[in-house]
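Colleague: What follows is a predicted structure for the sequence shown.
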Protein chains: 2
Amino acid sequence: MSFKAPVGQIEFILGHIVPFAEVAATDLYGEATPETASAILTEAGKLASNVLAPLNANGDHTPARLENGRVRSSPGYAEGFRAIAEGGWIGLAANPEHGGMGLPQALNMAVSEMMAGACLALQLNPLLTQGQIEALEHHASDELKALYLPRLIAGEWSGTMNLTEPGAGSDVGALVSKAEPNGDGTYAVSGQKIFITWGDSDVTENVCHLVLARLPDGAKGTRGISLFMVPKLIPDADGRPGVANSLKVVSLEEKLGIHGSPTCVLSFEGATGWLVGEEHKGMAAMFTMMNCARLGVGMQGVGVAEAALQKAVDYATERQQMGPIIRHPDVRRMLACARAEIFAARAIGLACATAIDLSRATGDAHHAARAAFLTPIAKAYGTDTGCRVADMAVQVHGGMGYVEETGAAQYLRDVRITPIYEGTNGIQAMDLVGRKLADGGEAAMRLLDEVLDGAKTAQADHGELANHVWQAAETLREATQTLLERDQQQRFAGAVPYLTAFARVLGAHFHLRAARVGGTDHVALARIHITRVLPHYAGDLAEALAEAGDLEALSDSVMAGEFGA
Amino acid sequence: MSFKAPVGQIEFILGHIVPFAEVAATDLYGEATPETASAILTEAGKLASNVLAPLNANGDHTPARLENGRVRSSPGYAEGFRAIAEGGWIGLAANPEHGGMGLPQALNMAVSEMMAGACLALQLNPLLTQGQIEALEHHASDELKALYLPRLIAGEWSGTMNLTEPGAGSDVGALVSKAEPNGDGTYAVSGQKIFITWGDSDVTENVCHLVLARLPDGAKGTRGISLFMVPKLIPDADGRPGVANSLKVVSLEEKLGIHGSPTCVLSFEGATGWLVGEEHKGMAAMFTMMNCARLGVGMQGVGVAEAALQKAVDYATERQQMGPIIRHPDVRRMLACARAEIFAARAIGLACATAIDLSRATGDAHHAARAAFLTPIAKAYGTDTGCRVADMAVQVHGGMGYVEETGAAQYLRDVRITPIYEGTNGIQAMDLVGRKLADGGEAAMRLLDEVLDGAKTAQADHGELANHVWQAAETLREATQTLLERDQQQRFAGAVPYLTAFARVLGAHFHLRAARVGGTDHVALARIHITRVLPHYAGDLAEALAEAGDLEALSDSVMAGEFGA
């Protein structure tokens, strides 16, 4: 059996768990009626299941390769990308002014999840192109918008994001790429960028690089960085791809997974670039791109988790060892917990997406704060769930899971990048306990109030489950209060387990709501989550609140394995 | 920096944490004085660090391959195997009567851990050969012993273990391979076996297969299975490899990792075999082999975890992002917890090994029961720790961890087999809550009494830590009592989290002992474990005791993603 896009599961969450109806009630997103949403999800589901999923193994078996300095993509990827472009999926949430559909991010993220579950390596291309579209919509001049947006939205050209350099990863401010004014309004961009996803390809006629570089008068650190559009082929007067720009693909990385996605080392050698946004304000523009991409990456994790779980369930149904192994309690436990975690991660991601939509549509700062708070959780928990479920799927396959032919291992290898790129999950967690608690905990407490209110509402019909959720939320509230009293360095030491605990509690909250409004299946799944997945919050919070000083007290030598007398 | 065998860490555990001194005080193992042990560990450490570790990448880059029906091993592997054989390491714990050194398993397992950390794919060969030696020592006729043991112990021949068939994995009793008497005391063995590790090679002059097959009058299920020695080349009258037996290597599996270890599909086509042990009692003999191998696999997990952590610490020390990243609280947290978990997993493995040694040396049933109880914990927790730490090491490397060139990903791919083979970790956990609690919990309670006593002893100097450990052990005792009141199917539903909780508590117990008898470094590390790793027992036990019926209540369709109305 092959991948079936989870259209029904997504519709349930949009219809009953997150405030998508509120989104559709705004002027901005009035077109996103339930009927339209359903039609869109169904259509995207068909694309994912029927067109993209069959390409997934191709990329793994026949990786993208470099030939005479140009990338040749994996078999079928060009056709797959074309199908995505022609379906209008790249511009789903983009401004109609430039050819987009102007639909909510909630739908866009749901579609992204399904495409990522079908073929992660290929879906990275539209995901990054969408990020570029968003950055240009917010920061580019009208001229640049008019030139690039229609072509990116149509999928004629694709977009990349050039931050990382050999000496500048998480610390973007350390970058050394330079841009010098050419005197004609353009800039000469020079430097080497690494880990550039889809940094070149033959699936589009042009590749548009958004590059961070420092102007001659740019200060050190992140405040002196500017953003430039540097196209592979410089558009001619008619906007058609013209002469080649001064940049080249130095090499492709040989990676653990997503072999169908060419990860390039790019060298810019005085390449012609156009400033995007203001001088020295490149980081702000890049963050626009990254915030969208972060949620998108979280949904990639959910998508791969869905695909891996489906594969594991199929195998467990067919594989006979004293009856089908899906009847074995331990296998059932693994599959059931995975299904519960996927529901939770998907609901968190779509809750984040609807908060983004409501923020845009209403301008209400509370929605913006909610979206900002949920983004690192959606990214980290979505991708952790992706890895955990893909790992579980290998385990359910037993020895067959370790054999590449089966395909289970590919999900594990592919999804392993997601907790790393777009800001490692450690960075996400630091963002959560740093910037996102900098409001004195207001956004966190609002969310927790919702959880506590939800538990009270569920008390009558689901008393036992509601009590668990209430208790967990209350403990999390206290832990949040404790963290707020600590300085940032101390918070950082417990950031990751704190984020995980928050995700467990939010997940339980959404499950509890599903138990109330869904059928018996949702009650059964909520029980699995609340009695088996949620309870680990206790250990997470103990770890989150453990003495930060203990980590300093342990010497580097001990970590390396050398103990003193 | 390359792999440094953890000789000092192992010596500390043998000297202060597990009763190795008691082992050395027995008549059987009187030669294992501290000086001898230290010399042996130092020598094995040099072999691991200097000879084996440099081969690790070779196997990954140039996998074992099949050429004209014979396996060609990876570059340098033959020399590496020769160095292991010539050091006498294969026969370290084997009977001196046939050329072994007759030393304790505790030393053998420590040496295995170091070799596995250095080069897992190669170390599998001696590990399986040792398992075969042990099975032959216990079950083979004197004639077979005299013929095979000296050559296996010398590493002239190697040994394999042939259980699995396409339709018989965890359910060994489903196997269909047959053995028919030839009338001359030998048997004609026929059938297909899969997942045969080092099922052929050019590193030894002969390969000896122990094969499970059914005699014509063998009953269905595991009770009708017999064990046969089926050599690749039939020894001639002088015991030299003679004519080729009727068996062939059908193919090699393409796997996620351990590419240097040839995983064979073997076809036995009326191959000549000799009965090992009694007719229809093959499973008992195979279990001898498997029990030893299970602990050995647990130590493989520990070994790879050690290697991966060392690599991550090296990288974190060198990599600068606003200072070396080892100074960042979240990176420190990951490294520190990994070091704490490795100490715990290693101590559990060596505690199991000393229990095996004491059981053999004294005949005391309590030691045997302790060894039996600790074996599944050592296997599952050791290998889970291997996977968790290797995964952490990739994360610490960031984007570089996803690039194969770095080598971090190889550890993750290689170690991923260990929770699967020699009985999946789910099978280990079911063994723990099934067979190993079948004594009414006596072995479990004895261990927990030790933990509680240890906590009392530590009360004076390490009150806070001791209290945490005491509380955890007490909760685990109650949970064990609850499990004992449930039927086996119900226990199975919580088996894996129960095993994990037990490992956490045992690990904390050993850390607390280290805090008492080691220096300040051990106090610091014990704090990390007891405040950050141990507390997750609460969630584990909640999951272990969750209603088994909930898993039945959740339909297969929901697991597959299809919810009812």
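Modeller: Now that the structure is in, tell me what you want to look at. Computed from a prediction, not measured in an experiment: that's the story for all the values here. Numbering: from 1, shown residues only, chains lettered A, B, ... in the order given.
Colleague: Touching, A:Arg319 and A:Ile325? I think so.
Modeller: Yes - using C-beta atoms under 8 Å, A:Arg319 is in contact with A:Ile325, at 5.0 Å. All C-beta atoms are positioned from the backbone trio N, CA, C, and that covers glycine.
Colleague: Out of those two, name the residue with the larger neighbour count.
Modeller: Neighbours were tallied for A:Arg319 and for A:Ile325 using other C-beta atoms under 10 Å in any protein chain shown; the higher tally belongs to A:Ile325 (24 against 19).
Colleague: all strands for the stretch 151-300 of chain A, in order.
Modeller: In the stretch 151-300 of chain A, the strands defined using DSSP state E, counting those that start in this stretch lie at A:157-162, A:178-181, A:187-197, A:206-214, A:225-231, A:233-235, A:241-244, A:247-252, A:263-276.
Colleague: where along the stretch 301-450 of chain A do the strands fall?
Modeller: Going by DSSP E, counting those that start in this stretch, the stretch 301-450 of chain A shows no strands.
Colleague: Get me the contact residues on the stretch 201-350 of chain A for chain B.
Modeller: A:253-257, A:306, A:309-310, A:313-314, A:317, A:320-322, A:326, A:328-336, A:338-339 (C-beta under 8 Å from any C-beta of the partner chain).
Colleague: Can you tell me which of these are classed as buried?
Modeller: Among those, those buried by neighbour count (16 or more other C-beta atoms under 10 Å in any protein chain shown) are A:253, A:255-257, A:306, A:309-310, A:313, A:317, A:321, A:326, A:328-336, A:338-339.
Colleague: can you tell me which of those residues are in helices?
Modeller: A:306, A:309-310, A:313, A:317, A:329-336, A:338-339 (DSSP state H).
Colleague: Which two among these are spaced furthest apart?
Modeller: Spatially, the most separated pair among those is A:Glu306 and A:Pro329, at 23.4 Å (C-beta to C-beta).
Colleague: Between the two ends of stretch A:433-443, how far is it?
Modeller: Stretch A:433-443 has its terminal residues 12 Å apart, counting by C-alpha to C-alpha, to the nearest Å.
Colleague: Identify all contacting residues around it.
Modeller: Surrounding stretch A:433-443, the residues in contact under the criterion C-beta atoms under 8 Å, 6 or more residues apart in numbering or on different chains are A:369-370, A:372-373, A:376, A:444, A:480-481, A:483-484, A:488, A:491-492, A:494-495, A:498-499.
Colleague: who touches A:Lys311 in this structure?
Modeller: A:Phe3, A:Ala393, A:Gly407, A:Ala408, A:Tyr411.
Colleague: Run a quick neighbour tally on the closest residue to A:Leu412 other than its chain neighbours.
Modeller: Excluding its sequence neighbours, the residue lying closest to A:Leu412 (C-beta to C-beta, 6 or more residues apart in numbering or on different chains) is A:Ala390, at 4.3 Å. By other C-beta under 10 Å, 30 other residues sit near A:Ala390.
Colleague: hang on, A:Ala390 packs against A:Val415?
Modeller: Yes - assessed by C-beta under 8 Å, A:Ala390 is found in contact with A:Val415 at 5.0 Å.
Colleague: what is in contact with the two at once?
Modeller: Common neighbours of A:Ala390 and A:Val415, using C-beta under 8 Å, 6+ apart, are A:Val304, A:Ala305, A:Ala308.
Colleague: in the stretch 101-250 of chain A, what residue is nearest chain B?
Modeller: Closest residue of the stretch 101-250 of chain A to chain B, C-beta to the nearest C-beta: A:Asp171 (4.0 Å).
Colleague: Check the gap between that residue and A:Asn291 for me.
Modeller: As judged by C-beta to C-beta, to the nearest Å, A:Asp171 and A:Asn291 stand 19 Å apart.
Colleague: same question, A:Ala64
Modeller: Taking C-beta to C-beta, one finds A:Ala64 at 27 Å from A:Asn291.
Colleague: and A:Ala553, how many neighbours does it have?
Modeller: Neighbours of A:Ala553 (other C-beta under 10 Å): 17.
Colleague: how much space is there between it and A:Met430?
Modeller: Distance of A:Ala553 to A:Met430, given as C-beta to C-beta: 21 Å.
Colleague: swap in A:Ile348?
Modeller: Remark: distance between A:Ile348 and A:Met430 (C-beta to C-beta) = 19 Å.
Colleague: Look up the closest residue to A:Glu547, ignoring the ones flanking it.
Modeller: Going by C-beta to C-beta, 6+ apart, A:Glu547 has B:Thr531 as its nearest residue, at 6.9 Å.
Colleague: Correct me if wrong, but that neighbour is in a helix.
Modeller: Yes - counting by DSSP: H, G, I helix; E, B strand; the rest coil, B:Thr531 is found in a helix.
Colleague: Contacts only, for it.
Modeller: Counting by C-beta under 8 Å, 6+ apart, B:Thr531 has contacts A:Ala542, A:Glu543, A:Ala546, A:Glu547, A:Asp550, B:His468.
Colleague: Looking at these, which one is closest to A:Asp200?
Modeller: Distances from A:Asp200 to the contacts of B:Thr531, taken by C-beta to C-beta, are shortest for A:Glu543, at 42.7 Å.
Colleague: so the closest one is in which element?
Modeller: helix A:537-545 (DSSP states H and E).
Colleague: That helix packs against which elements?
Modeller: Identification of packing neighbours for helix A:537-545 by 3 or more C-beta pairs under 8 Å, 6 or more residues apart in numbering or on different chains; DSSP states H and E yields helix A:463-484, helix A:495-517, helix B:537-545.
Colleague: and after the shortest one, which helix or strand comes next?
Modeller: By that I understand helix B:537-545. The helix or strand immediately downstream of helix B:537-545 is helix B:549-553, counting by DSSP H and E.
Colleague: so does that next one get close to chain A?
Modeller: Yes - for helix B:549-553 and chain A, the contact criterion (C-beta under 8 Å from any C-beta) is met by B:Asp550, B:Leu551, B:Glu552, B:Ala553.
Colleague: What are the buried residues along the lowest-mean-pLDDT helix or strand in chain A?
Modeller: Here the helix or strand of chain A ranked lowest by mean pLDDT, DSSP states H and E is helix A:282-318, holding a mean of 93. Within helix A:282-318, the residues that count as buried by 16+ other C-beta under 10 Å are A:282-286, A:288-313, A:315-317.
Colleague: likewise stretch A:484-496?
Modeller: Those would be A:Gln490, A:Arg491, A:Phe492, A:Ala493, A:Gly494, A:Ala495, A:Val496, for stretch A:484-496 by 16+ other C-beta under 10 Å.
Colleague: check the residues you listed against chain B, which are close?
Modeller: Near chain B, taking C-beta under 8 Å from any C-beta as the test, the members of the buried residues of stretch A:484-496 found are A:Gln490, A:Phe492, A:Ala493, A:Gly494, A:Ala495, A:Val496.
Colleague: Rebuild the residues you listed as JSON lines, extending it with pLDDT and distance to B:Pro535.
Modeller: Formatted as JSON lines, these follow (pLDDT from 0 to 100; distance: C-beta to C-beta, whole Å):
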{"residue": "A:Gln490", "pLDDT": "95", "distance to B:Pro535": "18"}
{"residue": "A:Phe492", "pLDDT": "98", "distance to B:Pro535": "19"}
{"residue": "A:Ala493", "pLDDT": "97", "distance to B:Pro535": "15"}
{"residue": "A:Gly494", "pLDDT": "97", "distance to B:Pro535": "12"}
{"residue": "A:Ala495", "pLDDT": "98", "distance to B:Pro535": "17"}
{"residue": "A:Val496", "pLDDT": "98", "distance to B:Pro535": "14"}
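Colleague: Closest one of those residues to A:Gly167?
Modeller: Of all these, A:Gly167 sits closest to A:Phe492, with 22.3 Å by C-beta to C-beta.
Colleague: I figured that closest one was touching B:Arg327, is that so?
Modeller: No - contact criterion C-beta under 8 Å: A:Phe492 and B:Arg327 do not qualify, at 11.1 Å.
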